[in-house]
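# Using only what follows, build the 3D model:
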Amino acid sequence: MSERDGTAGHVDCHVKVLDDGVVERATRAGLDVIVYAPHFTRLPEIRERAETYSSEDLLVVPGREVFTGSWHDRKHVLALGLEEPVPDFIPLEAAMAEFERQDATVLAPHPEFTTVGLEESDVERYGDLIDAIEVFNPKHLPPHNRRARDIAERAELPPFTSSYAHLPRTVGVSHTAFDTAIETETDLLSALEDDIGRRVVYENGVGRWTTTATELAHLVYENTWKKADRLFLSGIEPTHPRHIAYDGRFEDDAVY
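From the prediction side, this is the model:
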């Protein structure tokens, strides 16, 4: 990974984990910012946790990776700058309409990856709302990353990368280096929306492939035993559109 320089804002644009160890690892990697967007966690809780772990050395920005559609046909969209919570398990068009209403910053993580990324046709349809496309993800194999870069280039949308860390050890293995300092959440949203110059930075040695293997193994776990637990044992998700927290606003949009 490149050395940190004072003229750039080094941002891991998407992590799922956050604790003291994650903060230490991110700081050691020379990051200025991480975007914290855990699964199935409501926005107020994400905001509170992000604020708790932010410091002068590391800004933690809250985000929501919304699961649109059903478990069997879901597409992830990462939204920053939300003012109001948006649930999972609503159609893609409903989520995008809500992001537009709130003037959120919208990112397309891992496009066309397994069954959880936006298709190129979705990117074409919502290109005016999407601010950047992830072109490198440590979970990806090289063909996935090449496909993501091609989609971004054809859509003429700016790139970004993240560690997409579901495991603490992955934080910081890839990040986006913006050609401007990022000191506040507003700075980050502006950099993403205004197409500020940036570099995609990632490790490309043995450590990178170890990360890919461990994160893919975790993905298998998430989509087997952990998925079964969520679907059949745990009851209604905190981010389900019929949860009481949403005051019935999204009940008609719920896909199940």
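
# what about Val255, neighbour count?
Per other CB atoms under 10 Å, the neighbour tally for Val255 reads 16. Just so you know, the C-beta spots here come from the backbone N, C-alpha and C atoms, and that holds for glycine as well.

# One more: Gly172?
Neighbours around Gly172, by other CB under 10 Å: 24.

# is it true that Phe136 touches Arg146?
No - the pair Phe136 / Arg146 is not scored as a contact, 10.0 Å apart, by CB atoms under 8 Å.

# So between those two, which is more surrounded?
Per other CB under 10 Å, whichever of Phe136 and Arg146 has more neighbours is Phe136, with 22 against 12.

# quick one: Leu188 is in a strand?
No - judged by DSSP: H, G, I helix; E, B strand; the rest coil, Leu188 forms no part of a strand; its state is helix.

# if I pick it, what's in contact with it?
Residues in contact with Leu188, defined by CB atoms under 8 Å, 6 or more residues apart in numbering, are 9, 11, 33, 35, 59, 61, 80, 182.

# Give me the nearest residue to it, chain neighbours excluded.
Ile182 (5.1 Å; CB to CB, 6 or more residues apart in numbering).

# That neighbour is in what secondary structure piece?
Under the criterion DSSP states H and E, no helix or strand holds Ile182.

# How far away from the center of its chain is stretch 34-48?
For stretch 34-48, the gap between its own C-alpha mean and the chain's C-alpha mean amounts to 11 Å (CA atoms, centre = their mean, to the nearest Å).

# Need the contact partners of that stretch.
The contact list for stretch 34-48 (CB under 8 Å, 6+ apart) reads 11-18, 22, 26, 49-50, 53, 58-65, 67, 78, 80, 82, 84-86, 88, 162, 171, 188, 230, 237-239, 245.

# what's the model's confidence in that stretch, averaged?
Regarding stretch 34-48, the rounded mean pLDDT is 96.

# Could you list the low-pLDDT ranges of this structure?
Low-confidence segments of the chain (pLDDT under 70): 1-7, 205-213, 215-235.

# Show me which strand runs longest in it.
As assigned by DSSP state E, the longest strand anywhere in the chain is strand 59-70.

# Now that one - C-alpha only, PDB.
Output of strand 59-70 as PDB, limited to C-alpha atoms (Å, rounded to 0.1, in the frame of the first residue of the first chain):
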ATOM      1  CA  LEU A  59     -13.400  10.000  10.900                       C
ATOM      2  CA  VAL A  60     -16.000   7.300  10.900                       C
ATOM      3  CA  VAL A  61     -18.900   8.200   8.400                       C
ATOM      4  CA  PRO A  62     -22.200   6.400   8.800                       C
ATOM      5  CA  GLY A  63     -23.700   4.600   5.700                       C
ATOM      6  CA  ARG A  64     -26.400   2.200   4.800                       C
ATOM      7  CA  GLU A  65     -25.900  -0.700   2.400                       C
ATOM      8  CA  VAL A  66     -29.600  -1.300   1.600                       C
ATOM      9  CA  PHE A  67     -30.600  -4.800   0.600                       C
ATOM     10  CA  THR A  68     -33.200  -4.200  -2.200                       C
ATOM     11  CA  GLY A  69     -35.400  -7.000  -3.300                       C
ATOM     12  CA  SER A  70     -35.800 -10.400  -1.700                       C
END
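
# Give the buried residues for it.
Within strand 59-70, the residues scored as buried using 16 or more other CB atoms under 10 Å are 59-69.

# how close does Thr68 get to Ala94?
From Thr68 over to Ala94 the distance is 8 Å, taken as CB to CB, to the nearest Å.

# ugh, wrong one, Pro168
Per CB to CB, Pro168 is found 33 Å from Ala94.
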